[in-house]
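In: structure for the following, please:
(one chain, ligands or ions: 2)
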Amino acid sequence: MTQKLYIETVGCQMNMLDSELVVAALRRQGYELVDSAKRADTILFNTCSVREHAEEKIYSALGRLKHAKRHNPDKVIGVLGCMAQNHQKIVFQRAPYVDLVVGPGQLHQVPQLIEDVRAGRGPQLEVSLERQAGSRDSVADSFESYDPLRSPEMRPSPYQAFVRIQIGCDKFCTYCIVPKVRGPEQGRRPEEIYAEARQLADEGCREITLLGQTVNSYSYRDDRGTTRLADLLYQLSDIAGLDRLKFVTNYPRDMTDDLLDAVSSLPKVSHYLHVPAQSGSDAILRRMKRGYTVDQYREMMARIREAIPDAAVTSDFIVGFCGETDADFAATVELVEACRFKNSFIFKYSERPGTKGAERLADDVPEEVKRRRNNELLAVQNAICQEDNEARIGVQVEVLVEGVSKSAAKREDDAPQVQLTGRDHWDRIVVFQGGRRLIGRFVPVTIYDANAHTLFGEVVTDHVGPEVYSLSV
Ligand code: 5AD
Ligand code: SF4
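Out: Ligands and ions are numbered 1, 2, ... in the order given. Next up, the predicted model:
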């Protein structure tokens, strides 16, 4: 009988990719993906540890499975990813009926570990070494990146794919758990990246997003020299059939001119840069150990605008970080207003045990103040989003059509024209009416309306009809 698999994924794009690869491996073994935990024999959670809330939600979800597991002890329940690496045995302590806990560096072992559980070998724990548990190399080796060559039917979209170019992070921002749970920064071999991109393009994939925690710090050294992100962009641009390249997430200090030149000169690279600022106050940036001042961030923005005048830049901000005063927050608002980000993701500071921030700095901004600042910054950003999107009205853009929009999918409309969704060259979401055959294609669309997060357009049709043609002969 085929095994039924249910997987829930939270967190960043890296996690989405990890889940895709785990699902692909299990499907190859005959598993069938189902959309509810109730119907599944194997239930997996691919987890995130960046904020406490994300972890607590997983424990609540696990709590809801307690009875199901009691009634049906053969169900296999697994916790994968960052929280598995972060909490390790604690997961078994808080939810003793969990069968496997697997860190992001051991995901390739998931099929075998499920088999071990089914064979009665008891709960399985597989995680990487702690950062202090050995030499840098031995710790790095314990985080094995999981990038098997993939099969097209396993991807969520046949036209788009994530490609990992780097794992881990060595920046150690004081608030951040990532260097602990994803281990040392390691660049993937350029030949491997190229081969994967090439295969994806051969299979019909048109857009690739390169992934790394600090993707623009990417560096790979061998006897032929050092390859950087800009070099990869030039190499990947040569691949026929691949028409759009993006990369996330950037680290402000590594936003070098050669990278900006590559983005500006390579037509396939989106004019979209996600470069988190985190705060607009020097005192806070210092406490976060971000490695730059507000002036340096602004100088970087000026270089971006100089090299790529129409670049859409997005950012992340943490509000209510340790010791953040009203004046610090006002400086953040000022930075958002000055930079006019295409969008900002705003988070309330969440203290993470195991970080320098948790060890050395008091989480002293009251929750109420964090919430107020979050809402205020969001309102400032939304007003910018609205204004900038309205300025797009009347403009014609090339949209890579991703699929049927969420609302149309819910209606299960099978009319010939449905609401489609896609993104333009600046990563703006564009929705418009069109036939399903447009999915996976680049389509010219004229924008006629906008709200803060979506552009509404209509397909540009060729108006040179037969009558016009006959007039001109
Ligand atoms: N609390 C709140 N937000 C955080 N981020 C990272 N760590 C924390 C934390 N402890 C945010 C940062 C990062 C984004 C992915 O999550 O803004 O850029
Ligand atoms: Fe976390 Fe800083 Fe690394 Fe980003 S750069 S993953 S915020 S430690």
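
In: domain-wise, how is this protein divided?
Out: 4-127, 135-270, 274-391, 396-459 (automatic domain parsing).

In: reformat those as a markdown table; add distance to ligand 2.
Out: For every residue, glycine as well, the C-beta is placed using N, CA and C. Listed next are the domains of the chain as a markdown table, based on distance: least, C-beta to the nearest ligand atom, whole Å:
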| stretch | distance to ligand 2 |
| --- | --- |
| domain 4-127 | 8 |
| domain 135-270 | 3 |
| domain 274-391 | 7 |
| domain 396-459 | 19 |
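
In: redo those domains as CSV? Include mean pLDDT and mean neighbour count.
Out: CSV is the format used below for the domains of the chain (pLDDT from 0 to 100; neighbours: other C-beta atoms under 10 Å):
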stretch, mean pLDDT, mean neighbour count
domain 4-127, 96, 18
domain 135-270, 94, 18
domain 274-391, 98, 18
domain 396-459, 93, 17
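
In: residue 420 is in contact with residue 406, isn't it?
Out: No. Assessed by C-beta atoms under 8 Å, residue 420 is found out of contact with residue 406, at 11.3 Å.

In: now the common contact residues for these two.
Out: With contacts defined as C-beta atoms under 8 Å, 6 or more residues apart in numbering, no residue is adjacent to both residue 420 and residue 406.

In: now the residue lying closest to residue 418 once chain neighbours are set aside: which helix or strand?
Out: Counting by C-beta to C-beta, 6 or more residues apart in numbering, residue 408 is the residue found nearest to residue 418 once chain neighbours are left out, at 4.8 Å. Applying DSSP states H and E as the criterion places residue 408 in helix 406-411.

In: for residue 447, same thing?
Out: Going by DSSP H and E, residue 447 is in strand 442-450.

In: keeping just the C-alphas, turn the helix or strand following that strand into PDB.
Out: Next along the chain after strand 442-450, taking DSSP H and E as the criterion, comes strand 455-459. The C-alpha coordinates for strand 455-459 follow below in PDB (Å, rounded to 0.1, in the frame of the first residue of the first chain):
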ATOM      1  CA  LEU A 455      -0.500  45.600  -9.900                       C
ATOM      2  CA  PHE A 456      -3.500  44.900 -12.100                       C
ATOM      3  CA  GLY A 457      -3.000  44.700 -15.800                       C
ATOM      4  CA  GLU A 458      -4.300  43.500 -19.100                       C
ATOM      5  CA  VAL A 459      -2.500  41.600 -21.800                       C
END
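
In: tell me the strands beside strand 455-459, with direction?
Out: Strand 455-459 sits in its sheet next to strand 429-435 (parallel), strand 442-450 (antiparallel), going by DSSP bridges.

In: ok, and what's touching the first one?
Out: Okay, so that is strand 429-435. Residues outside strand 429-435 that contact it (C-beta under 8 Å, 6+ apart): 397, 399, 401, 405, 416-424, 443, 445, 447, 453-459.

In: what's the answer for the last one, then?
Out: By C-beta under 8 Å, 6+ apart, the list of residues contacting strand 442-450 from outside reads 206, 243, 386, 389-390, 392-401, 422, 424, 430, 432, 434, 455-460.

In: wait, residue 110 touches residue 78, no?
Out: Yes. Counting by C-beta under 8 Å, residue 110 touches residue 78, with 7.2 Å between them.

In: find residues that contact each of these two.
Out: 44, 100, 102.

In: which ones among these map onto strands?
Out: Taking DSSP state E, the ones among these that sit in strands are 44, 100, 102.

In: all helices of the stretch 1-150 of the chain, in order?
Out: Secondary structure of the stretch 1-150 of the chain (DSSP state H, counting those that start in this stretch): helices at 13-28, 52-63, 66-71, 82-87, 89-94, 110-118, 136-142.

In: same for the first one, what does it pack against?
Out: Right, the one you point to is helix 13-28. Helix 13-28 sits against strand 4-9, strand 42-47, strand 76-81, helix 110-118, strand 160-164, strand 207-211, with contacts defined as 3 or more C-beta pairs under 8 Å, 6 or more residues apart in numbering; DSSP states H and E.
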